[in-house]
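Enquirer: coords please:
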Amino acid sequence: MKSFESSKRKRISLICPVLNEEATIPIFYDRLQSVLSPLKNQYDFELIFVNNRSSDKTLELLINLRRKDGSIQILTMSRNFGYQASLQAGMAYASGDALIVIDVDCEDPPELIPSFIEKWNEGYDVVYGIRKRRSEMWLIKQCRNLFYHLLRLTSDMDIVLYMAEFALISSVVKNAIINNQNTFPFLRTEIGYSGFERFGIPYKRAARIYGKTHYNLIRMIAFGAAGLLTSSTVLMRWAAYLFPLFVFFNILVFAFYIAAGKIVSFHLLMIVDVLYAIFLLTIQGVYLARVYKNGIGRPIYIIDPKKTHLDRPS
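Expert: Predicted structure coming up:
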């Protein structure tokens, strides 16, 4: 006779961050249900929509869907705290044995979810999508690839190349990273830091099913900077590595001035030293600002209880 614990069905939590997605949610929901329906005799699912303070009818639409589907949970932020904070909020609430992060714009195909679950059942704690092809300009694609390789070379921890937020993590991984107090959360870095067995599944990323992306060039740069500063101290180390070179350069220029008596060498020396000082102070200022914000200890996100609809307390 099987024990209750061994016969209990596994629960899978799907975390879906949303920001002004009233047009895409119905399409995404229908596609998702066609994928999950064959699996519902094996698993229990909860759909956690993290509403990052949408200004359109996203919340109203989600509430209407929840009346028909009790598995839908809605977390609404008190303001726009950003995509990574939305993921953190969703993970904090999720109760599943495994968590799957997926966007509602269908750039990442819901049809890959059964493959994620299959690999999870094989023993992998992290199963992630590898974006092999994407519908974007060649230059942006090359810059993105360069960033990933640069991040991996300079990181103080393991970085998984081409890993997307579209991924499944086990509850073990969730518990290892959920208490992160970094005010600049970066999920890929935290997953890499936690270790565990990982498996990547290549796929072609599609274009948005409707509307324009919320991810413009400025946000891409900010995202890249956040990843670099969260995962690496390389800029601080570069400042230290360059210091002996600047000392040697100063001695060399001073010796040249003594030998040749040319004042122009001192002008060059001043310019180079000032540039190094500017670089050093800038890098120190950026890292110090992060230490300051982390030290204040403000919450990474705040939930608005009046616009949150859950079956249990968050």
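Enquirer: all contacts plus neighbour counts: C-alpha atoms, from now on.
Expert: Noted.
Enquirer: Please confirm that residue 100 is located within a helix.
Expert: No: using DSSP: H, G, I helix; E, B strand; the rest coil, the assignment for residue 100 is strand, not a helix.
Enquirer: What count of nearby residues applies to residue 296?
Expert: Other residues near residue 296 come to 9 when the count uses other C-alpha atoms under 10 Å.
Enquirer: hang on, I meant residue 205
Expert: Per other C-alpha under 10 Å, the neighbour tally for residue 205 reads 18.
Enquirer: Quick check: end-to-end length of stretch 119-129?
Expert: Counting by C-alpha to C-alpha, to the nearest Å, you get 12 Å between the two ends of stretch 119-129.
Enquirer: which residues are in contact with it?
Expert: Stretch 119-129 is touched from outside by 116, 163-170, 172-173, 196-203, with contacts defined as C-alpha atoms under 8 Å, 6 or more residues apart in numbering.
Enquirer: Please spell out which residues along it are buried.
Expert: Using 16 or more other C-alpha atoms under 10 Å as the test for burial, stretch 119-129 gives 119, 120, 124, 125, 126, 127, 128, 129.
Enquirer: Then stretch 171-182?
Expert: Result for stretch 171-182 [16+ other C-alpha under 10 Å]: buried residues 171, 173, 174, 177, 182.
Enquirer: of all those, which comes closest to residue 18?
Expert: Using C-alpha to C-alpha, residue 174 is the member of the buried residues of stretch 171-182 that lies nearest residue 18, at 20.7 Å.
Enquirer: My understanding was that the closest one contacts residue 91; is that so?
Expert: Yes: contact criterion C-alpha atoms under 8 Å: residue 174 and residue 91 qualify, at 7.0 Å.
Enquirer: mind listing what's buried in stretch 238-247?
Expert: Across stretch 238-247, burial judged by 16+ other C-alpha under 10 Å covers residue 239.
Enquirer: Off-centre distance for it?
Expert: For stretch 238-247, the separation from the chain centroid amounts to 32 Å (computed by C-alpha atoms, centre = their mean, to the nearest Å).
Enquirer: From the contacts of stretch 119-129, which land in strands?
Expert: 163-170, 198-203 (DSSP state E).
Enquirer: who wins for neighbours among those residues?
Expert: Counting neighbours by other C-alpha under 10 Å, residue 168 leads these with 28 neighbours.
Enquirer: Identify the bridge partners of the residue nearest to that one when sequence neighbours are not counted.
Expert: Spatial nearest neighbour of residue 168, excluding adjacent residues (C-alpha to C-alpha, 6 or more residues apart in numbering): residue 100 at 4.3 Å. Taking DSSP bridges, one obtains residue 14, residue 168 as the residues bridged to residue 100.
Enquirer: Look up how far residue 25 lies from residue 100.
Expert: According to C-alpha to C-alpha, residue 100 stands 17 Å off from residue 25.
Enquirer: More neighbours: which of these two?
Expert: Comparing residue 100 with residue 25 by neighbour count (other C-alpha under 10 Å), the higher total belongs to residue 100, at 25 against 21.
Enquirer: The more buried one and residue 67, how far apart?
Expert: Using C-alpha to C-alpha, residue 100 is found at 23 Å from residue 67.
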